[in-house]
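> fold the following.
(chains A and B)
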Number of protein chains: 2
Amino acid sequence: MELGPVSPSPLARLVAEFHKLPGIGPKSAQRLTYFLVRAPAEQARSLAEAILAVKERVVFCSRCQNVTEGNPCALCRDPARDHTRICVVEEPLDVLALERTGSYRGLYHVLHGVLSPMDGVGPEDLRIKELLGRLEGVQEVIVATNPTVEGEATAIYLQRLLSPLGIRTTHLARGLPAGADLEYADEVTLSRALEGRQAF
Amino acid sequence: MELGPVSPSPLARLVAEFHKLPGIGPKSAQRLTYFLVRAPAEQARSLAEAILAVKERVVFCSRCQNVTEGNPCALCRDPARDHTRICVVEEPLDVLALERTGSYRGLYHVLHGVLSPMDGVGPEDLRIKELLGRLEGVQEVIVATNPTVEGEATAIYLQRLLSPLGIRTTHLARGLPAGADLEYADEVTLSRALEGRQAF
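Sure, this is the predicted structure:
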């Protein structure tokens, strides 16, 4: 991006760095940069320190592959959790979403992505090997990948991998989301809600 | 935001810091945080350093109030620019936009905001005093605030302030933007284009 003679290098450099982050285009990158120029020095330093702290102190749990400060992570170390159940998710944020429900007491496994041949992401790019290495004593693997094309393909891949090992493999129910309006539900959601209909 | 036991403090802290930036909600802040966790350490360090460099090396030009590394800035020091003309803008980004046109050879003055009584922004919160202090030898002030309610109010305020001093005060032409479709132009734009019609 051409910033011209009025844009000295530290500004152009910060714009470029912000632009590398996901979802931040050139305009947003400029806006963030000028915001920080005007912000109190304390706020900018605090942000820079937080970025460095994350890189220094956050590691991947050697068991569940989630991000954590201690290894193994608090969840994997918790004896109160059900260690016979593993819920497989795509991203660390998915663990937070499931924990917020308060309805799950098992362990997790974070794949850090989904199978996506188009983007060159194969099984060896995900933490699948690590999942296979921690199946001792596990009775159920709940595959909670997103209901997208890639998420479903990854789920099927895992199911085929795990079933021969005698491990019960399940996936999250598909159906109408809470508060939905039948009239506006898309065909795929409605078809799946019908297929998965349950007795009262 | 509740991040739960799986979110150790450095992560929660970085999410909170990102969330303080304009246009970044809690979800985006989480996404940026986990992106940096997985990004190469070099990229995170580079971003942190760029933030610190901006705060250390970027100052406000004591003449035009634009952000700059040297004071006065390159534009104010340039003898090839027309020092009898000052274009008043709201933000540093507006200077970049005007410079990109290549049609203006005068100087600038950055207000760092607009008058907005609703938000408690009065004349003393903008760099208006600094503008009045650099009018010697100036023949024209082009007020290039945005064509919004606040921008127009600020323009009228400046015009009333400058006219008694015998300085020609102009504003940018209002009319149809390049490539516009008359059929879809809003009434205000079209009215102004009519009012400001020009002979061939």
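> mind listing what's buried along the lengthiest strand in chain A?
Longest strand in chain A by number of residues (criterion: DSSP state E): strand A:82-89. Neighbour counts using 16 or more other Cβ atoms under 10 Å in any protein chain shown place A:85-89 of strand A:82-89 among the buried residues. Yep, even glycine has a C-beta here, placed from its N, CA and C like the rest.
> for stretch A:100-120, same thing?
By neighbour count on 16+ other Cβ under 10 Å, the buried set for stretch A:100-120 is A:104, A:106-116.
> picking that back up, who touches the longest strand of chain A?
A:64, A:95, A:98, A:104-111, A:131, A:134-135, A:137-145, A:158 (Cβ atoms under 8 Å, 6 or more residues apart in numbering or on different chains).
> of these, which are in range of chain B?
Restricting the contacts of strand A:82-89 to those near chain B by Cβ under 8 Å from any Cβ of the partner chain leaves residue A:95.
> quick check, nearest of the buried residues of strand A:82-89 to chain B?
Proximity of the buried residues of strand A:82-89 to chain B (Cβ to the nearest Cβ) peaks at residue A:89, which lies at 11.4 Å.
> grab the nearest non-local neighbour of that closest one.
residue A:144 (5.1 Å; Cβ to Cβ, 6 or more residues apart in numbering or on different chains).
> for residue A:46, same thing?
Spatially, and ignoring its direct neighbours in sequence, residue A:46 is nearest to residue B:17 (6.0 Å; Cβ to Cβ, 6+ apart).
> does residue A:25 really touch residue A:18, like I thought?
No - taking Cβ atoms under 8 Å as the definition, residue A:25 is not a contact partner of residue A:18, at 9.6 Å.
> quick check: phi and psi on the spatially most central residue of chain A?
Closest residue to the average C-alpha location of chain A: residue A:91 at 1.4 Å, with Cα atoms, centre = their mean. Main-chain dihedrals, residue A:91, degrees, to the nearest 10: phi -130, psi 160.
> residues contacting it?
Contacts for residue A:91 (Cβ under 8 Å, 6+ apart) come out as A:110, A:112, B:34.
> which residues touch the last one?
In other words, residue B:34. Residue B:34 neighbours (Cβ under 8 Å, 6+ apart): A:67, A:91-93.
> what do you get for the first one?
Residue A:110 sits next to A:64-66, A:89-92, A:94-95, A:127 when contact means Cβ under 8 Å, 6+ apart.
> okay, and the beta partners of it?
As for beta bridges, residue A:110 partners with residue A:89 under DSSP bridges.
> state the distance from it to chain B.
Remark: distance between residue A:110 and chain B (Cβ to the nearest Cβ, to the nearest Å) = 10 Å.
> now the second one
According to Cβ to the nearest Cβ, residue A:112 stands 7 Å off from chain B.
> report pLDDT for that residue.
Listed pLDDT for residue A:112 reads 92.
> wait, it touches residue A:127, no?
Yes - at 5.7 Å, residue A:112 counts as touching residue A:127 under the criterion of Cβ under 8 Å.
> any shared contact partners between these two?
residue A:65.
> could you break chain A into its assigned domains?
If you go by automatic domain parsing, the domain ranges for chain A are A:9-57, A:67-199.
> any stretches of chain A with poor pLDDT?
Applying pLDDT under 70 to chain A flags residues A:1-8.
> can you get me a residue count around residue A:154?
With neighbours defined by other Cβ atoms under 10 Å in any protein chain shown, the count for residue A:154 comes to 25.
> backbone dihedrals for it, please?
Dihedral angles for residue A:154 - degrees, to the nearest 10 - are phi -70, psi -40.
> please, where are all the strands along chain A?
Here chain A has its strands, by DSSP E, at A:59-60, A:67-68, A:82-89, A:106-110, A:140-143, A:168-171.
> direction included, what does the fifth one pair against?
Sheet pairing of strand A:140-143 (DSSP bridges) gives strand A:82-89 (parallel), strand A:168-171 (parallel).
> out of these, flag the one nearest residue B:51.
Proximity to residue B:51 (Cβ to Cβ) singles out strand A:82-89 among these, at 31.3 Å.
> measure stretch A:135-148 end to end?
One end of stretch A:135-148 sits 26 Å from the other (Cα to Cα, to the nearest Å).
> tally of neighbours for the residue nearest to residue A:168 when sequence neighbours are not counted?
Nearest residue to residue A:168, sequence neighbours excluded (Cβ to Cβ, 6+ apart): residue A:140, at 4.5 Å. The tally of other residues near residue A:140 (other Cβ under 10 Å) stands at 15.
> tell me the gap between the lengthiest helix in chain A and the middle of its chain.
Longest helix in chain A, counting residues (DSSP state H): helix A:41-57. Chain-centre distance of helix A:41-57: 23 Å, with Cα atoms, centre = their mean, to the nearest Å.
> that helix: which residues count as buried?
A:43-44, A:46-55.
> thinking again about what came up before, which of residue A:25 and residue A:18 has more neighbours?
In terms of neighbours (other Cβ under 10 Å), residue A:18 is the more surrounded of residue A:25 and residue A:18; the figures are 23 against 10.
> quick check: the more buried one touching residue A:35?
No - applying Cβ under 8 Å as the test, residue A:18 and residue A:35 come out as separate, 10.2 Å apart.
> quick check: angle from the longest helix of chain A to helix B:41-57?
Counting by axes from the mean of the first three to the mean of the last three Cα atoms, to 10 degrees, helix A:41-57 lies at 160 degrees to helix B:41-57.
> what helices or strands is helix A:41-57 leaning on?
Contacting helix A:41-57 under the criterion 3 or more Cβ pairs under 8 Å, 6 or more residues apart in numbering or on different chains; DSSP states H and E are the following elements: helix A:26-38, helix B:9-19, helix B:26-38, helix B:41-57.
> perfect, that will be all.
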